[in-house]
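[1] only the shape, not the letters, is given here:
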């Protein structure tokens, strides 16, 4: 199995890529496995936070499997395209907060998988790049859209047009990574962060994520309407009642899985 789901903590699921012979390169089977894992954790109402990580020491994911691609005809590639898109979209569309734990190479589609998460933790060994234009294609897993939204249009153009690699220091400095940790500590840091987030209201977490994602590119007035709808969906829930009661009683809230 090249993708596994682990449970490193309460209300936390970790999708672990494990294709060491290819440094987690995404072929058709790997794309299908990633999409399947995302579907499984989406259906699990106990999951409040998802981590995307790698069991391969040298790499988070090195992108598309070019050895497989070389053997594909144009018709084969066209048929494969929806499967590849589904893998990236499934990560992007996870309804709960998501964290990418990046040790080693996150290249091409691997970088895009990380960008599809809400938060990116990079260890000192992390290397990010979108090298697609150097091999005659463009980023196709959301890279042109997600990177520009993360670091700005001009910086994204620099990385995409030049295909240059970015280490952890620069990634953190330009906002490509949200946290930087010591080599080998990305997964540990991601689990600690996931535990912190998972203690919060699951209803509020999902609605906050929806408001952030939906309202980001809208004019401020429309964005505030998105926020208001998300607020109403949260404020009249049992989670809000428990949260306020816990605050008044000076105790930690006990949010229930629903």
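    Cool, got the structure. Everything quoted here is computed from the prediction, not taken from an experiment.
[2] contacts for the lowest-mean-pLDDT helix or strand in the chain, please.
    Least confident helix or strand, the chain: helix 66-70 with a mean of 84, by mean pLDDT, DSSP states H and E. Identification of contacts with helix 66-70 by CB atoms under 8 Å, 6 or more residues apart in numbering yields 22, 25, 27, 28, 77, 135. (Glycine included, C-beta is placed from N, CA and C.)
[3] quick one: the residue lying closest to the last one once chain neighbours are set aside from residue 107, how far?
    Right, residue 135. Leaving aside its sequence neighbours, residue 135 sits nearest to residue 66 (CB to CB, 6 or more residues apart in numbering; 7.2 Å). In this view, residue 66 and residue 107 are 11 Å apart by CB to CB, to the nearest Å.
[4] who has more neighbours out of those two?
    The neighbour comparison of residue 66 against residue 107 (other CB atoms under 10 Å) goes to residue 107, with 24 against 14.
[5] hmm, residue 134 and the more buried one touching each other?
    No: in this structure, residue 107 is not within contact of residue 134 by CB atoms under 8 Å, at 11.0 Å.
[6] ok, back up a step: please indicate which of the contacts of helix 66-70 are buried?
    Neighbour-count burial (16 or more other CB atoms under 10 Å) applied to these gives 22, 25, 27, 28.
[7] ok, and the closest non-adjacent residue to residue 199?
    Closest residue to residue 199 apart from its sequence neighbours, by CB to CB, 6+ apart: residue 252 at 7.6 Å.
[8] count of residues packed around the one you found?
    Neighbour number of residue 252 under other CB under 10 Å is 9.
[9] that one is in contact with residue 246, isn't it?
    Yes: using CB under 8 Å, residue 252 is in contact with residue 246, at 6.3 Å.
[10] hang on, the earlier thing: let's see which of the buried ones among the contacts of helix 66-70 end up in helices.
    Secondary-structure check on the buried ones among the contacts of helix 66-70 using DSSP state H: residues within helices are residue 28.
[11] now pLDDT too, for the buried ones among the contacts of helix 66-70, in JSON lines please.
    Formatted as JSON lines, those follow (pLDDT from 0 to 100):
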{"residue": "22", "pLDDT": "95"}
{"residue": "25", "pLDDT": "94"}
{"residue": "27", "pLDDT": "92"}
{"residue": "28", "pLDDT": "91"}
